[in-house]
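In: With the sequence up front, the predicted model follows.
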Amino acid sequence: MCARWTLFAIALLAVAGCGSSVDPAMYAKFQSAQDRFEQATDPAQFLQAAATYQEILDAGVVSGAVLYNQGNAFMRAGERGRAIACYRQAKRHRPRDPYLDANLRYALGDKASHRSKPIIEYVLFWSDWVSYHGKFQASLVCALLTFCVSVGSLYVKPRLLKRIAMPALCLTIAMVISAGYDWYRFSHLKHGVVVTEEVVARKGDSESYQPAFTKSLDEGTEFQVLEQRNGWTHVRLAGSQDGWVPSKDVTVY
């Protein structure tokens, strides 16, 4: 039974491959972006550096380092909302980076202490210890080890292997669930941040609708994206409040 479930886990992970090779030209572009950032002296020049980092991302390179540096460029340009979006995405790949944590907290300001975690993230307490791709890799390693132990227990008499097989299977299942949850919250769900000084959220996708909240949303407000249409974005804030905001005033990732 253990071996059968392990083979299922391996098959599941096999189609969720991650990572891609990076063209040497991308390294050169990254260095160019770094040089622009270091030489920048005004917001416009920092935005140029951020645009160069975006070219790397648009080329299909998934990198926490690129996102982190792009966030720094946006922050120096005074684009706090866009910086938060970059830092959030970088956290998926560099969850234990203390500099990234510090910069994200600085960008969030007073909002840093107001972000609550769902119960499942307390159950999967290691979620913020391992990167998005690292969870898939760890799941695969656990599945392979469990498979070897399970197969070995069928042919080797010592009971030790049989005793190890079930805990190993439980660990594999836990890691697969963790990886699956990361896929759900990072790939399935869309997130966004307000990038203008303030924006009025409305009850529908038009200026003719009444405001959805008593106060406008200020820059750096984070939300989950429910829908996008006609140049408007339907957002859900913490506490399940929802409203529509112009898409030009937010960035979605």
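Out: On my side now, so go ahead.

In: what's the burial count for residue 102?
Out: Using other CB atoms under 10 Å, residue 102 is surrounded by 10 other residues. (Glycine included, C-beta is placed from N, CA and C.)

In: Kindly report the same for the one 3 residues further on.
Out: When counting by other CB under 10 Å, one arrives at 13 neighbours for residue 105.

In: from memory it sits against residue 112, does it?
Out: Yes - in this structure residue 105 lies within contact range of residue 112 using CB atoms under 8 Å: 4.7 Å.

In: Where does residue 243 sit, in terms of helix or strand?
Out: strand 242-246 (DSSP states H and E).

In: Can you tell me what sits against that strand?
Out: Residues from elsewhere that reach strand 242-246 (CB atoms under 8 Å, 6 or more residues apart in numbering): 194, 199-206, 209, 211-213, 217, 226, 231-237.

In: if you average pLDDT over it, what comes out?
Out: Taken as a whole, strand 242-246 carries a mean pLDDT of 98.

In: Mind checking what secondary structure residue 240 has?
Out: Secondary structure, DSSP: H, G, I helix; E, B strand; the rest coil: residue 240 is coil.

In: make that residue 234, sorry
Out: Residue 234 ends up strand, using three-state DSSP.

In: Ok, residue 209 next?
Out: Quick answer, by three-state DSSP: residue 209 is coil.

In: all helices for the protein, in order.
Out: Under the criterion DSSP state H, the chain contains helices at 2-14, 24-39, 43-58, 64-76, 80-91, 98-108, 119-123, 132-155, 159-183.

In: Centre of the chain to the shortest one, how far?
Out: The chain centre lies 17 Å from the centre of helix 119-123; the measure is CA atoms, centre = their mean, to the nearest Å.

In: Show the average pLDDT along it.
Out: 86.

In: And the fifth one, by the same measure?
Out: The average pLDDT within helix 80-91 is 98.

In: For residue 62, see how far away residue 186 is.
Out: The spacing between residue 186 and residue 62, counted by CB to CB, to the nearest Å, is 11 Å.

In: same check, this time on residue 95
Out: 15 Å.

In: Then residue 129?
Out: Counting by CB to CB - residue 129 and residue 62 are separated by 20 Å.

In: So for these two, which sits in the more crowded spot?
Out: Applying other CB under 10 Å to residue 129 and residue 62 shows that residue 62 carries more neighbours, namely 17 against 10.

In: I'd assumed residue 93 was in contact with that one.
Out: Yes - at 7.2 Å, residue 62 and residue 93 qualify as touching, with contact defined as CB under 8 Å.

In: what's around residue 57, how many residues?
Out: 15.

In: hmm, I was thinking of residue 152
Out: That count, for residue 152 with other CB under 10 Å as the rule, works out to 16.

In: what sits against the closest residue to residue 90 other than its chain neighbours?
Out: Nearest non-adjacent residue to residue 90, counting by CB to CB, 6 or more residues apart in numbering: residue 67, 3.8 Å away. Neighbouring residues of residue 67 by CB under 8 Å, 6+ apart: 53, 57, 86-87, 89-90, 93.

In: Repeat that for residue 216.
Out: Counted by CB under 8 Å, 6+ apart, residue 216 has contacts 198-201.

In: Quick check, pLDDT for residue 213.
Out: 96.

In: Against residue 248, how distant is the closest residue to residue 57 other than its chain neighbours?
Out: Leaving aside its sequence neighbours, residue 57 sits nearest to residue 66 (CB to CB, 6+ apart; 6.1 Å). Taking CB to CB as the criterion, residue 66 is separated from residue 248 by 25 Å.

In: do residue 217 as well
Out: For residue 217, the distance to residue 248 - CB to CB - is 14 Å.
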